[in-house]
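In: Model the following, please.
(one chain, ligands or ions: 1)
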Amino acid sequence: MSFYENKILPHIIDCSCSMKPIMALRQKVVPLARGVVLEVGMGSGLNLPLYDNEKIDFVWGLEPSMGMRHKAEKNLRKSSVEVKWLDLPGEQIPLDDNSVDTVLLTYTLCTIPDWQAALQQMRRVLKPDGLLLFCEHGRSPESKVSRWQDRLTPMWKKFAGGCHLNRPISDYIESCDFKITQQENLYMEGAPRFVGYMYCGQAGK
Ligand SMILES: C[S@@+](CC[C@H](N)C(=O)[O-])C[C@H]1O[C@@H](n2cnc3c(N)ncnc32)[C@H](O)[C@@H]1O
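Out: Prediction:
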């Protein structure tokens with residue numbers, strides 16, 4: 001891992017992902033988490049204050065980047081949520097089948113290289129009545145915006161840790177055999193449209 005990826009990128013991600021409109025959208029899904037939670041791409045732990053502690057048992061914090069896990073230390077110290085780290089990527093979730101009640105994905109599916117393998121792993125570990133909660137930016141339905149997303153993604157992903165601007169999040173989720181039961185799509189307040197088209201919702205198996 002390069003110096004940029006290990007030291008600089010975690011700081012950039014932590015700052016950008018903690019902006020007010022981004023935090024406001026997390027609020028739509030994180031408090032719905034229950035039971036044993038798997039947070040995929042936990043990053044710097046920005047969701048920790050939003051969990052409803054009464055409803056969750058503990059959180060498996062899957063995060064392959066050592067720099068991000070290090071960046072999360074401050075938020076972990078402030079939180080009463082129990083986090084058990086998994087230092088592997090989403091494509092290799094080291095948990096048993098049907099063992100988690102909630103999978104939480106916030107601002108992460110844009111980045112996972114093999115999104116299909118990762119979603120299949122999330123489905124495998126989710127209990128039959130479990131919940132996949134998502135709050136992700138992705139492809140806009142407006143062609144004038146999505147054309148720019150396609151143009152900008154090759155350059156953007158080089159400095160944004162592999163983030164794609166143009167992923168059709170709900171299509172990806174449904175293509176891996178999840179059933180979306182609730183979804184809200186909107187442009188995030190204050191963000192340029194090419195980075196601010198949001199998919200927030202819930203899915204089951
Ligand atoms: C934009 S950050 C979002 C972090 C956090 N989910 C949040 O909401 O603040 C994307 C995260 O995905 C992680 N990531 C990158 N590749 C991954 C993979 N293959 N599997 C799981 N997470 C990955 C990154 O290290 C980073 O922490």
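In: now the helix or strand hosting residue 203: mean pLDDT?
Out: Using DSSP states H and E, residue 203 sits within strand 197-204. Regarding strand 197-204, the rounded mean pLDDT is 98.
In: Tell me the buried residues in the longest helix seen in the chain?
Out: Once the chain is assigned using DSSP state H, the helix that runs over the most residues is helix 143-159. Using 16 or more other Cβ atoms under 10 Å as the test for burial, helix 143-159 gives 145, 146, 148, 149, 152, 153, 156, 157. Where C-beta positions appear, they are placed from N, C-alpha and C, glycine not excepted.
In: Then stretch 180-195?
Out: Residues 180, 187, 188, 194, 195 are the ones in stretch 180-195 that count as buried (16+ other Cβ under 10 Å).
In: Tell me which two of these sit farthest apart.
Out: Farthest pair in these (Cβ to Cβ) is 180 and 194. Separation: 23.6 Å.
In: returning to what we had before: what's the distance between whatever helix or strand comes next after the longest helix of the chain and the middle of its chain?
Out: Per DSSP H and E, the first helix or strand lying C-terminal to helix 143-159 is helix 169-175. Distance, stretch centre to chain centre, for helix 169-175: 14 Å (Cα atoms, centre = their mean, to the nearest Å).
In: Helix 169-175: what's the following helix or strand?
Out: Once the chain leaves helix 169-175, the next helix or strand it forms, by DSSP H and E, is strand 179-187.
In: re earlier: identify, from the buried residues of stretch 180-195, the entry nearest to residue 80.
Out: Using Cβ to Cβ, the buried residues of stretch 180-195 come closest to residue 80 at residue 188, 29.0 Å.
In: Quick check: the closest one vs residue 3, distance?
Out: To residue 3, residue 188 is 31 Å away according to Cβ to Cβ, to the nearest Å.
In: before we move on, what about residue 10?
Out: Distance of residue 10 to residue 3, given as Cβ to Cβ: 11 Å.
In: Quickly list what's touching both of the two.
Out: Listed contacts common to residue 10 and residue 3 are nil; contacts here mean Cβ atoms under 8 Å, 6 or more residues apart in numbering.
In: Which of those two has more residues huddled nearby?
Out: residue 10 (21 against 9; other Cβ atoms under 10 Å).
In: and residue 57, what does it touch?
Out: With Cβ under 8 Å, 6+ apart, residue 57 has these contacts: 35, 36, 37, 82, 101.
In: Just the buried ones from these?
Out: The buried subset of the contacts of residue 57 - by 16+ other Cβ under 10 Å - is 36, 37, 101.
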